[in-house]
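Visitor: show me how the following folds:
(one chain, ligands or ions: 1)
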Amino acid sequence: MSGLIEKKILLGVTAGIAAYKAAELVRQLRQRGACVKVVMTESAQAFVSPLTFQALSGQPVHTQLLDPAAEAGMGHIELAKWADILLVAPASANFLARLATGQANDLLTTVCLATHAPIVVAPAMNQAMWSNPATRHNCQIIASRGIRIIGPANGSQACGDVGLGRMLEAQEITEALEQVTTGGLLMGKTVVITAGPTREPIDPVRYITNHSSGKMGYALAAAAREEGANTILISGPTSLEPLFGVRTIRVETARQMLDQALVLSGGADLFIGCAAVADYAPEQVALQKIKKDGNEALNLRLVKNPDVVAAVARLPERPFMVGFAAETENVLQHAREKLHRKNLDLVIANDVADSAIGFNSDRNAVWLLDAAGEIAYPEQDKRQLARRLMQEIAARLERHNSRKL
Ligand code: CTP
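Guide: Presented below is the predicted three-dimensional model:
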């Protein structure tokens, strides 16, 4: 049953081409039983007419701060009190800036200041505007006040650019709101996730690493956060944007990842080893750049790195342990062997030989394995997959904890 039944959702629509997607969003929210009222900023009305939202929501659309039609002319206070959730989608760069600085210069920002309802914003803008330090800073301020930022997604944009900035699809936004209403499956839990590759130095200018992009681990951290977990991400070097509301510890080498994992897992409820930890590191790191003068070959002696996930699984008070298995053949057989050898509760296995999925791709297809059996997750977007996996993991963690009682 949808958690949105009879929920009063105030949807703020700000300027941007993604405003047309907000129309579909209203339809989906109503399908799930929510009652939706819409507030539009003045420039949003240049993209979609208020009449569209009036027809879809079945409610008058609000556009003016000073509304003589509202009781005592205080429309903003009435709307602020009415809302169970205030959702702003799309949220433009300008709106985020006004929200961050607590402005109240139109109806929407004023309602944001006046409401006690949880606020969720789904940004949409050009990728350069999203990555601009001013917007990053505004988002940090907003997130620090408990406002939930969902998205944006990566992809091609209306302006022709490609990058982060697309508003999430209506279904993804609706699912995020469902989590706000349920409070999240991992509320009160601490989740530690490792992500990305590690980088093992050879000398001051060279290192050994692998193809991991970190996308799957970051998507899992975002999903854990969405489910209400206190989320800690131990990240190897990646080019990914930091996640709002996720405590991120950056490391380079497997040894550094191990040290952080052992400290941060004390008291954690769930540990997910998603990092592609380099299996070997040079035995000696040269203090100076290795010169090639006269050397036709370079011999490096590599020694085995510590196994991070297996070391955490050996802790006396270990969290519920989830590992990944990156395989190129006999995927299920190797994954099951890792489940036992590393003393894990659950393994997520993927076939990294298939270039359409896995390492640098935005998509993945996996198997989830534990003592009870296997579940196949067909190829899908990594963020969506991460949400599905996190729900399954949370359900198993719950069962695991209730057996311990
Ligand atoms: N892992 C780890 N530390 C390592 C190696 C792997 O924590 N030094 C973790 C990974 O994060 C993953 C799981 O172990 O959760 C399996 O990683 P994978 O690369 O599939 O397997 P390996 O243990 O490295 O074994 P092999 O390379 O022989 O397949």
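Visitor: what's around V120, how many residues?
Guide: By other CB atoms under 10 Å, the residues close to V120 number 21. In short, each C-beta sits where N, CA and C put it, glycine included.
Visitor: repeat that for the one 4 residues further on.
Guide: For A124, the count of nearby residues is 29 (other CB under 10 Å).
Visitor: please apply the same query to S2.
Guide: A count of nearby residues for S2, using other CB under 10 Å, gives 15.
Visitor: list the contacts of it.
Guide: S2 is in contact with 32-33, 178, counting by CB atoms under 8 Å, 6 or more residues apart in numbering.
Visitor: distance check, it against G155.
Guide: Computed as CB to CB, to the nearest Å, the S2 to G155 distance reads 27 Å.
Visitor: which residue ranges form the helices in the stretch 201-350 of the chain?
Guide: For the stretch 201-350 of the chain, the helices defined by DSSP state H, counting those that start in this stretch occupy 215-226, 254-264, 308-313, 331-341.
Visitor: quick revisit: next step: the contacts of S2 restricted to helices.
Guide: E178 (DSSP state H).
Visitor: in stretch 57-73, what counts as buried?
Guide: 57, 61-63, 65, 67, 70 (16 or more other CB atoms under 10 Å).
Visitor: which pair of those spans the longest distance?
Guide: Longest distance between any two of the buried residues of stretch 57-73 is 19.8 Å, between S57 and L65; criterion CB to CB.
Visitor: what's T109 sitting at in phi/psi?
Guide: Torsion angles at T109 (phi, psi; degrees, to the nearest 10) stand at phi -60, psi -30.
Visitor: number of residues surrounding it?
Guide: Neighbour count of T109, defined by other CB under 10 Å: 22.
Visitor: can you tell me how far it sits from A91?
Guide: 11 Å.
Visitor: list the contacts of the worst-scoring helix or strand of the chain on mean pLDDT.
Guide: In the chain, no helix or strand scores lower on mean pLDDT, DSSP states H and E than strand 153-156, which sits at a mean of 87. Contact partners of strand 153-156, identified using CB under 8 Å, 6+ apart, comprise 162-164, 166-169, 172, 362, 383.
Visitor: swap the cut-off to 6 Å and go again
Guide: The contact list for strand 153-156 (CB atoms under 6 Å, 6 or more residues apart in numbering) reads 162, 164, 166, 168.
Visitor: from the ligand, how far out is the residue located most distally from the centre of the chain?
Guide: In the chain, the residue that sits farthest from the middle, by CA atoms, centre = their mean, is G294; the gap is 49.9 Å. Using CB to the nearest ligand atom, to the nearest Å, one gets 35 Å for the distance from G294 to the ligand.
Visitor: got it, and E178?
Guide: 29 Å.
Visitor: give the contact list for that residue.
Guide: Residues in contact with E178 (CB under 6 Å, 6+ apart) are G3.
Visitor: okay, and the closest residue to the ligand within the stretch 51-200 of the chain sits in which element?
Guide: Across the stretch 51-200 of the chain, no residue is closer to the ligand than T194, which sits at 5.8 Å (CB to the nearest ligand atom). Assessed by DSSP states H and E, T194 sits inside strand 190-195.
Visitor: that strand: how far from the chain's middle?
Guide: Strand 190-195 sits 12 Å away from the centroid of its parent chain (CA atoms, centre = their mean, to the nearest Å).
Visitor: in the sheet, which strands lie alongside it, parallel or antiparallel?
Guide: Strand pairing for strand 190-195, using DSSP bridges, gives strand 230-235 (parallel), strand 270-273 (parallel).
Visitor: can you tell me what sits against stretch 123-133?
Guide: Contacts for stretch 123-133 (CB under 6 Å, 6+ apart): 16, 18, 90-91, 93, 152, 159, 161, 163-165, 167.
Visitor: one step back: now, which of the contacts of strand 153-156 lie within strands?
Guide: Among these, the members found in strands (DSSP state E) are 162, 164, 166.
Visitor: stretch 334-349 near the ligand at all?
Guide: Yes. Using CB under 6 Å from any ligand atom, we find that stretch 334-349 touches the ligand at K338.
Visitor: on that earlier part again, averaged pLDDT, the strand holding T194. What do you get?
Guide: Averaging pLDDT along strand 190-195 gives 98.
Visitor: one more: stretch 66-82?
Guide: Throughout stretch 66-82, pLDDT has a mean value of 77.
Visitor: quick one, what contacts R301?
Guide: R301 touches E283, counting by CB under 6 Å, 6+ apart.
Visitor: now it: how far from the ligand?
Guide: R301 sits 18 Å away from the ligand, going by CB to the nearest ligand atom.
Visitor: sorry, back to before: let's have the contacts of strand 153-156 in CSV, adding neighbour count and pLDDT.
Guide: Conversion of the contacts of strand 153-156 to CSV gives the following (neighbours: other CB atoms under 10 Å; pLDDT from 0 to 100):
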residue, neighbour count, pLDDT
V162, 12, 87
L164, 18, 89
R166, 24, 94
L168, 23, 94
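Visitor: picking up where we left off before, now do the same contact list for the nearest residue in space to the residue of the stretch 51-200 of the chain closest to the ligand that is not next to it in sequence.
Guide: Take T194 and drop its neighbours on the chain: the residue closest to it by CB to CB, 6 or more residues apart in numbering is A275, 3.7 Å away. Taking CB under 6 Å, 6+ apart as the criterion, A275 is in contact with 194-196, 236.
Visitor: residue ranges with poor pLDDT in the stretch 1-150 of the chain?
Guide: Scanning the stretch 1-150 of the chain with the threshold set as pLDDT under 70 gives 1, 70-74.
Visitor: which non-adjacent residue is nearest the most centrally placed residue in the chain?
Guide: The centre of the chain sits closest to A222, judged by CA atoms, centre = their mean, with a distance of 2.3 Å. Using CB to CB, 6+ apart and skipping the chain neighbours, the partner closest in space to A222 is L243 (5.5 Å).
Visitor: so how far is the ligand from the one you found?
Guide: To the ligand, L243 is 19 Å away according to CB to the nearest ligand atom.
Visitor: wait, isn't that residue in contact with A224?
Guide: No. The criterion here is CB atoms under 6 Å, and L243 misses it with A224 at 9.9 Å.
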